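Student: Structure for the following, please:
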Amino acid sequence: MVYENIVLIGFMGSGKTSVGKTLARYLHKDFVDVDSVIEKELNASINEIFKDKGEEYFRILEQKCINEITQKKGQVIATGGGLPIHSKISEKSLIVYIDADFDVILNRLSQKEHAKRPLLQDEERARGLYEQRIETYKELATLSVDANQKIQIFIHVIVDFILDQRIL
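Tutor: Prediction:
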């Protein structure tokens, strides 16, 4: 099967944006971050959107955004952690699960990054959310990569998969 886009999924802070930027450079593709698109359109941070409009409003924006973004082909797309749980992703997309352990994610995030994520404010609740989402991520993924190692290592796993399968 030929895929139109590469969509990166995984829990918040798992490295989807960092991986996406690097992967897009490797593959000479455009990079799009769903959260950044939403923030730019509303001129507000995800945290502000959650606070002012609520999570349900944000999830509607996410679905609209992913629908619009996937109309264009040849992109690497980083999603928010909840998008695959609350929204449908085009079946024409190669879905890559960036699989990082919860504690690895917490260790990677700076205090500033941690504070920007509304659903990470309560660590116990966030850990529960992480546990709830793992199975959905795995079920949706065409490819899962172990993201508990350096990005450069698992980027090669993704690139090799794409080249071996000749899917883009």
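
Student: for this structure, what's the longest helix?
Tutor: Scanning the chain for the longest helix, with DSSP state H as the assignment, gives helix 123-140.

Student: That one: which residues count as buried?
Tutor: Ala126, Leu129, Tyr130, Arg133, Tyr137, Leu140 (16 or more other CB atoms under 10 Å). Quick note: C-beta positions are derived from backbone N, CA and C, even for glycine.

Student: of all those, which comes closest to Ser87?
Tutor: Nearest to Ser87 out of the buried residues of helix 123-140 is Leu140 (CB to CB; 10.8 Å).

Student: Without its sequence neighbours, what residue ends up closest to Ser87?
Tutor: Gln63 (4.2 Å; CB to CB, 6 or more residues apart in numbering).

Student: what's the neighbour count on the one you found?
Tutor: 14 (other CB atoms under 10 Å).

Student: Ok, His156 next?
Tutor: 12.

Student: Can you say which helix or strand has it in it?
Tutor: helix 151-165 (DSSP states H and E).

Student: And Val32, by the same measure?
Tutor: Assigned by DSSP H and E, Val32 falls in strand 30-33.

Student: What's the first helix or strand after that strand?
Tutor: For strand 30-33, the following helix or strand on the C-terminal side (DSSP H and E) is helix 34-42.
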